[in-house]
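**Student:** Below are the sequence and a predicted model; questions follow.
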Amino acid sequence: MTIFQPDFLLHGADYNYEQWLDYPDILAQDFRLMGLAQCNVVSVGIFSWAMLEPAEGKYEFGWMDQMLDSLAENGVRAILATPSGAKPAWLAHAYPEVRVVDGNGRCEPHRLRHNHCPTSPIYRQKVRQINTLLAQRYKEHPALFMWHISNEYGSYDCRCDLCYNAFREWLQARYGTLEALNHAWWTTFWSHRYTDWSQIEPVDPSVHGLMLDWQRFISDQVLDFYLAEIEPLRAITPHVPITTNFMQPNVGLDYWKFAQYLDVVSWDSYPRWHSQPEGDTAVAVKTSFYHDLYRSLKRQPFLLMESTPSVTNWQGISRTKRPGLHLLSSLQAVAHGSNSAQYFQWRQSRGGEEKFHGAVVSHAGHEHTRVFREVTAVGAHLAQLQNVTTTCNQAQVALVYDLQNEWALDLARLPRSEDKLYQERCIAHYRPFWDAGITVDLIDSSTVDLTPYKLIIAPMLYMLRDGFADRLHQFVQAGGTLLLTYLSGLVNESDLCFIGDSPLRKLLGLWVEETDSLFAHHVQALHPMADNDLHLSGSYAATHFADIVHLDGAEALACYGHDFYAGQPALTVNRVGNGRCYYLATRPDSRFLHDFYTALSTQLDLPRAIPTPLPAGLTAQVRQNGREQYLFLMNFQPAPQTVNLGAAHYQDALSGDGVQDMVELEGYGLRVLRKEIG
Ligand code: GAL
């Protein structure tokens, strides 16, 4: 691995120089405008294969030489892409096996992008060839800063023979024998037993183990494709760090696993700002959750590789960003651990699918636009915050957001299959910490180290991966606090139900006898018990799922209010060793989550960005090292708000002015404050 530790914050965009080769005046303008906006990086060559290799074996690197030279002359670094995200027409026509085959056996016509077969040996060979040439040619080029591998790898659901055969080999490696596979997938059900590997086709949604393994296989196969792509780059340019741009997390790739093979995680963020009648807070919370995820994948700063400086053209409706929001949303990424703010795209293209997508430079072609001014403001802020790159966010709370669990849960046919909403519920449990300015890491349930945390929250952990129950037990035994909920610990990694005692029984100090599924008009009540040690009182609404449990060591902290199980436990705590394990047997309203986590955070003395409560719709996030701390105050409300800093003394990180007591933030405003610590 190459360690990626930039000593500056990256500011830049996807730059499609090759679209403008016939417009030298425009290209000359670009470098002037990049200077004005303080752009110090651009991602280049992402979709240039057809321009680099216009016919098989015929290469034209001249334009790329010229582009990289100009970038170097202008002090702009290149994040150079490998071009596998979009193949040239000649390649798709000469070698149809490189195209994706759909469920009806039809080979996709040459069109669009991000649609290659992840297994095709020919595609891998062609990609290797072009990547090798790029690396050889530019290995010493002063502009070469980082590799951008392909573009937004997805879950290529290719159903060609090559993929099916690779899947069967993957299964043979995983299960060894058909007998083991038949048991793991419980194929005696509906007479689905396989008697030959060749009979296995991932087309049966009723065999959940099969479909779960198909998803795992695709994820592994795309990772394998990536590893093949980077081989020549590692060999020829071992000093150049490597990333690939991830998307929002639920795209069918196990990013937790993938991230181990990147030098730095990067991702493309496209929140739907101004889309909600209630305002932008929920959008901001979700975006923060994603940023925290991408920081947590390697527990290191990440890069915001793409975001729009203004609008998208693929979300149905995309409003222009209200004044201030662009700076706020760009610095929001930095606040959560990004060392960059980058955009799609530098210059709006003249034709094609994305000609109306937002860009730093619009079709007007000059800098006298509101968007350009807002981008310039981001450039100016990042230039003054360089030291932020030496800091990171430090969390004592971890929330389990496990992608394989999400796949398994999505497949499950439960008495209530509607509105399982795994990701949304993880975000609901994350929200109270965002509101309070408490840093949260996200973790998955594979092998991640649990020891840095005081509190672990694992909503709806339907699938218990091997060894995780024991690791949670050790965490609690050693003094940790854990929260689990309904729909947890039901199946193993093959999606087979646990029989007899649940592996969580000792930890929870209870067992679940039944789960009631509630229709929308059934609202349960959750009544805290008198004198519970979290001081919860009154009554809360609960919906969707309600476990009916038997205590076996745990103590009830709240009970149900209605129906034949009224009075039975709805929230429990079990003391294990030096720690505690809470069980939330139902889906509570947001008020409950707020009150519950506020009480728990106080009991556990979790560090907050500032000691005083934050106004609604405003969050505070902290990045620090042993010497200094940066406090990011961010107001996602359109109206101004005031924050009380308490007794602490800060400096404004931009102006250097002293700041204490009450701080004013404009609507969609932000302040970055700094103080020395330690
Ligand atoms: C990203 C993609 C870019 C561009 C952008 C538009 O997902 O990587 O190439 O299409 O979306 O929002």
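**Tutor:** Good, I have the coordinates.
**Student:** now the helices: where do they sit in the stretch 201-350 of the chain?
**Tutor:** If DSSP state H, counting those that start in this stretch is used as the criterion, the helices of the stretch 201-350 of the chain fall at 208-236, 255-258, 281-296, 325-335.
**Student:** what's the nearest residue to residue 257 once chain neighbours are set aside in contact with, if anything?
**Tutor:** Distance criterion C-beta to C-beta, 6 or more residues apart in numbering; nearest residue to residue 257, sequence neighbours excluded, is residue 223 at 6.7 Å. (C-beta placed from N, C-alpha, C; glycine too.) Counting by C-beta atoms under 8 Å, 6 or more residues apart in numbering, residue 223 touches 253, 254, 257, 258, 261.
**Student:** Out of those residues, flag the one nearest to residue 403.
**Tutor:** Using C-beta to C-beta, residue 254 comes nearest to residue 403 of these, at 5.3 Å.
**Student:** phi, psi of that closest one?
**Tutor:** Main-chain torsions, residue 254, degrees, to the nearest 10: phi -80, psi 90.
**Student:** I'd guessed it sits against residue 405; true?
**Tutor:** No - between residue 254 and residue 405 there is no contact under C-beta atoms under 8 Å: 10.8 Å.
**Student:** just the helices in the stretch 401-550 of the chain please.
**Tutor:** Applying DSSP H, counting those that start in this stretch to the stretch 401-550 of the chain gives helices spanning 403-411, 422-436, 468-477, 505-508.
**Student:** Could you take these and lay them out as JSON lines, with extra columns for mean neighbour count?
**Tutor:** Converted to JSON lines, the helices of the stretch 401-550 of the chain look like this (neighbours: other C-beta atoms under 10 Å):
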{"stretch": "helix 403-411", "mean neighbour count": "22"}
{"stretch": "helix 422-436", "mean neighbour count": "21"}
{"stretch": "helix 468-477", "mean neighbour count": "19"}
{"stretch": "helix 505-508", "mean neighbour count": "21"}
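**Student:** Let's have those in TSV, adding distance to residue 45 and mean pLDDT.
**Tutor:** TSV is the format used below for the helices of the stretch 401-550 of the chain (distance: least, C-beta to C-beta, whole Å; pLDDT from 0 to 100):
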stretch	distance to residue 45	mean pLDDT
helix 403-411	30	98
helix 422-436	33	98
helix 468-477	41	98
helix 505-508	51	98
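**Student:** where does the protein dip in pLDDT?
**Tutor:** Counting by pLDDT under 70, not a single residue of the chain qualifies.
**Student:** For it, list the residues in contact with the ligand, please.
**Tutor:** Residues of the chain lying close to the ligand by C-beta under 6 Å from any ligand atom are 151, 152, 268, 270, 306, 312, 344, 354, 357.
**Student:** ok, and the closest non-adjacent residue to the last one?
**Tutor:** Nearest non-adjacent residue to residue 357, counting by C-beta to C-beta, 6+ apart: residue 313, 4.4 Å away.
**Student:** same check, this time on the fourth one
**Tutor:** Of all residues not flanking residue 270 in the chain, residue 312 sits nearest, at 5.6 Å (C-beta to C-beta, 6+ apart).
**Student:** With the first one instead?
**Tutor:** In space, and not counting its chain neighbours, residue 151 is closest to residue 85: 3.4 Å by C-beta to C-beta, 6+ apart.
**Student:** Could you pull up the residues touching that neighbour?
**Tutor:** Residue 85 touches 46, 47, 113, 114, 150, 151, 152, counting by C-beta under 8 Å, 6+ apart.
**Student:** try 6 Å
**Tutor:** Residues in contact with residue 85 (C-beta atoms under 6 Å, 6 or more residues apart in numbering) are 113, 114, 150, 151.
**Student:** Count the residues that sit near the first one.
**Tutor:** Applying other C-beta atoms under 10 Å, we find 14 residues neighbouring residue 113.
**Student:** hmm, back to that, so which of the residues of the chain next to the ligand sit within strands?
**Tutor:** Judged by DSSP state E, the residues of the chain next to the ligand include 268, 306 as members of strands.
**Student:** Just the closest of the residues of the chain next to the ligand to residue 500, please.
**Tutor:** Distances from residue 500 to the residues of the chain next to the ligand, taken by C-beta to C-beta, are shortest for residue 152, at 44.2 Å.
**Student:** looking at it, the closest one is touching residue 247, isn't it?
**Tutor:** Yes - the criterion here is C-beta atoms under 6 Å, and residue 152 meets it with residue 247 at 5.3 Å.
**Student:** helix, strand or coil for the residue nearest to residue 100 when sequence neighbours are not counted?
**Tutor:** Distances taken as C-beta to C-beta, 6+ apart place residue 158 nearest to residue 100, at 4.4 Å, with adjacent residues excluded. Look at residue 158: counting by DSSP: H, G, I helix; E, B strand; the rest coil, its state is coil.
**Student:** Would you check how far apart residue 158 and the ligand are?
**Tutor:** According to C-beta to the nearest ligand atom, to the nearest Å, residue 158 and the ligand sit 20 Å apart.
**Student:** OK, contacts around that residue?
**Tutor:** Taking C-beta under 6 Å, 6+ apart as the contact definition, residue 158 lies against 100, 101, 117.
**Student:** Could you tell me how many residues sit around the last one?
**Tutor:** Put plainly, it is residue 117. 26.
**Student:** Neighbour-wise, which one of the contacts of residue 223 leads?
**Tutor:** residue 253 (24 neighbours).
**Student:** That one and residue 218 touch, don't they?
**Tutor:** No - counting by C-beta under 6 Å, residue 253 stays clear of residue 218, with 7.9 Å between them.
**Student:** overlap in contacts of these two?
**Tutor:** Contact criterion C-beta under 6 Å, 6+ apart; residues shared by residue 253 and residue 218: residue 155.
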